[in-house]
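> Sequence first, then the predicted structure, then my questions.
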Amino acid sequence: MVGSEQLLGGCTVVEDRVRVVIAEDSVLLREGLTRLLTDRGHDVVAGVGDAEALIKTVEDLASRDELPDVVVADVRMPPTHTDEGVRAAVRLRKDYPAIGVLVLSQYVEEQYATELLAGSSRGVGYLLKDRVAEVREFVDAVVRVARGGTALDPEVVAQLLGRSRKQDVLAGLTPREREVLGLMAEGRTNSAVAKQLVVSDGAVEKHVSNIFLKLGLSPSDGDHRRVLAVLTYLRS
């Protein structure tokens, strides 16, 4: 990833430029995603329409030592339009841990989200396709996943954490701490969480510390404690 500058709406926006491979069988959506990313200074190095082509493309790039920073893939792709996309995403996460993987889905599919989030907590995202319309948030999510961060759609978080509320692991969390955790899982910073909840940054920091403590996540886990907190729910 390298720095880039774009002039948008009369203002210069500086971002990290990332290399992206897009896998989406809808040509219209694939071209739209390509335009969104390239307009903001990112490099879409390939666009494909099925899971087999996605895997082959990444393998070819790897053979030339030109791995992308992130893959954006539809959950459902040809030939059966069931789970080819997420299966390819899981395989790529296993074979190429350095690549971020962001999957797009029409609906929240808990099984696929859980499978994708299993294992490493680095560079993973699950967004609903409606989120693409929020251009800034979508592009930010792509960059965050490319950097090794996490981007989970609020609806995905709501369903996954809603299911997990039945587990004893949540018994020690207050309603506010659960709310903070949900916003963290969407990839928001402490400042962004504070703004959303209309509280001070210090209050959010205290809630986050309490969440880590109650879930048994030690400081040695580093920055990934934010993701591990969510994964603790999913695996409980």
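Here it is on my side, so go on. Remember, it's a predicted structure, so these values are computed and weren't measured experimentally.
> what secondary structure does the residue nearest the centre of the chain sit in?
In the chain, the residue lying closest to the centroid (CA atoms, centre = their mean) is G125, at 1.9 Å. Put simply, G125 is strand when judged by DSSP: H, G, I helix; E, B strand; the rest coil.
> Was I right to think it contacts R144?
Yes. Contact criterion CB atoms under 8 Å: G125 and R144 qualify, at 7.4 Å. To be clear about C-beta, it is placed using only N, CA and C from the backbone, and glycine gets the same treatment.
> which neighbours do the two share?
Taking CB atoms under 8 Å, 6 or more residues apart in numbering as the criterion, G125 and R144 both touch T150, A151, G187.
> can you pull the contacts of D74?
Shown in contact with D74 (CB under 8 Å, 6+ apart): A23, E24, D25, S26, G85, V103, L104, S105.
> And for the fifth one, the neighbour number?
G85 has 25 neighbouring residues, counting by other CB atoms under 10 Å.
> mind listing what it touches?
With contact taken as CB under 8 Å, 6+ apart, G85 is in contact with A23, A51, L54, A73, D74, V75, R76, M77, V103.
> Swap in 6 Å and give it another go.
Applying CB atoms under 6 Å, 6 or more residues apart in numbering, we find G85 in contact with A51, A73, D74, V75, R76, M77.
> Any chance of the residues you listed in CSV with distance to G41 as columns?
What follows is these, written out as CSV (distance: CB to CB, whole Å):
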residue, distance to G41
A51, 28
A73, 22
D74, 24
V75, 27
R76, 30
M77, 27
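> filter those residues to the buried ones?
A51, A73, D74, V75, R76, M77 (16 or more other CB atoms under 10 Å).
> sorry, back to before: going by distance to V18, which of the shared contacts of G125 and R144 wins?
For these, the residue nearest V18 by CB to CB is A151; the value is 13.0 Å.
> neighbouring contacts of the helix or strand hosting the closest one?
Assigned by DSSP states H and E, A151 belongs to strand 150-152. The contact list for strand 150-152 (CB under 6 Å, 6+ apart) reads V124, G125, Y126, A141, R144, V145, A185, E186, G187, V227.
> Low-confidence regions, this structure specifically.
The chain contains residues with pLDDT under 70 at 1-15, 118-121, 157-170, 218, 220-224, 227, 230-236.
> Just the contacts of strand 150-152: which are in strands?
Among the contacts of strand 150-152, the ones falling in strands (DSSP state E) are V124, G125, Y126.
> Distance check, R64 against A46.
Distance of R64 to A46, computed by CB to CB, to the nearest Å: 12 Å.
> between those two, who's got more neighbours?
A46 (18 against 7).
> Assign that one to helix, strand or coil.
strand.
> okay if I get the ones in strands among the contacts of strand 150-152 as JSON lines plus distance to E109?
Shown next, in JSON lines, are the ones in strands among the contacts of strand 150-152 (distance: CB to CB, whole Å):
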{"residue": "V124", "distance to E109": "15"}
{"residue": "G125", "distance to E109": "14"}
{"residue": "Y126", "distance to E109": "9"}
